[in-house]
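In: I need the structure of the sequence given here:
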Amino acid sequence: MMIFYGVLGVIAFCVVALLLTPNLFRPSQEAQRFFDVVKTESERPDQRVIGGKEQMQNKLLGAASELRMRFGLAENPKLRSRLTMAGLNGKAFSDIFFAAQFLTPLAGVVAGTLMPSNTVLCVVAFGVLGYMAPDFWLNWKTGRRRKRIRRSIPDALDLMVICVDAGLGMDQALLRVGAELTVSHPDIHTEFMQVNREQRAGRPRLEAWQNLADRTEIEEFTQFVGMLTQTDRFGTPIAKALSRFSEEIRMKRRQHAEEAASKTKIKIIFPLVLCIFPCLFIVLLAPAILNIMAGLKGM
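Out: Residues are numbered from 1 along each chain as shown. Prediction:
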């Protein structure tokens, strides 16, 4: 009889525990928002038809990842941040960069062996250049993306001022501006959407914007974060602060343009001296020199 009551009690306890489990282990609201935002695509049914090119790409990426694991090389967080600054978001790009750093020196060594003279020097030089080529390419791509973002900041701020004046909040204005700049400025659209995702995941606004400034390393975004901090601290109207900050950015952009225009006067001297003046001398002096030579022969 005691065994029956014991088994009945265990069953009742299990039933109550199963009923209370969803409430006891339910994630918090911030955690639930985070799960909703970062929900991966792998949880959804994949109905795409994978072509031969994509299959070959997946095989190459798998081989690069396996090669890195065999060498015992962990993913470098600095490299991950550099790829993010260049707009290469995704885990596959780190494997691609590692494969490029591994294959380009080999290609340089093979190219150096084909040289008829100074083979050893060419092998070493081409191998070093092949190893440094991916870093140069990544720095070049990062610089180009940073210039595009810096060029699009005044337009984004003007649209944000218009949205805030129309009655939208800062977060809604961010979404609206990001949607409007999808085609004309896709880089800043991507960064704004990242800020919005971080805010939806529960991160404070200033911290999300500070991450944007650290991620892009652009001075204007750092100044923008400082402006938002002062606005929240002193209670300044956000529309007035945005308008003033946009005017300052426009003024700095105009000053940079005037500085670049004044530098062209000096930079154009070298093409004039090396390319244009010799052609002018040939056109102007060649007939006179030919006439002088003909006169001397006649004498």
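In: Ramachandran angles for residue 86?
Out: Residue 86 adopts backbone torsions of phi -80, psi 0, taken as degrees, to the nearest 10.
In: Just give the number of residues close to it.
Out: Residue 86 sits with 20 neighbouring residues when counted by other C-beta atoms under 10 Å. For glycine as for every other residue, the C-beta is placed from the backbone atoms N, C-alpha and C.
In: likewise residue 161?
Out: Counted with other C-beta under 10 Å, residue 161 comes out at 22.
In: pretty sure it is touching residue 243, no?
Out: Yes - contact criterion C-beta atoms under 8 Å: residue 161 and residue 243 qualify, at 5.1 Å.
In: packing partners for the helix or strand hosting residue 124?
Out: Assessed by DSSP states H and E, residue 124 sits inside helix 119-165. The contact analysis (3 or more C-beta pairs under 8 Å, 6 or more residues apart in numbering; DSSP states H and E) places helix 119-165 against helix 77-85, helix 91-113, helix 170-180, helix 186-200, helix 219-234, helix 238-267.
In: So for residue 279, which of those sits nearest?
Out: With C-beta to C-beta, the closest approach to residue 279 among the helices and strands packed on helix 119-165 belongs to helix 238-267: 19.3 Å.
In: Going by contacts, tell me the helices and strands next to the closest one.
Out: Judged by 3+ C-beta pairs under 8 Å, 6+ apart, helix 238-267 is in contact with helix 119-165, helix 219-234.
In: Adding distance to residue 94, write those out as JSON lines.
Out: JSON lines is the format used below for those (distance: least, C-beta to C-beta, whole Å):
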{"stretch": "helix 119-165", "distance to residue 94": "11"}
{"stretch": "helix 219-234", "distance to residue 94": "25"}
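In: Minimum distance to residue 250: which of those has it?
Out: Taking the helices and strands packed on helix 238-267 one by one with C-beta to C-beta, helix 119-165 is closest: 5.4 Å.
In: before we move on, the earlier item: now the helices and strands packed on helix 238-267 in CSV, please, with extra columns for distance to residue 95 and mean pLDDT.
Out: Listed next are the helices and strands packed on helix 238-267 as CSV, based on distance: least, C-beta to C-beta, whole Å; pLDDT from 0 to 100:
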stretch, distance to residue 95, mean pLDDT
helix 119-165, 13, 85
helix 219-234, 29, 82
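In: Alright, I will stop here.
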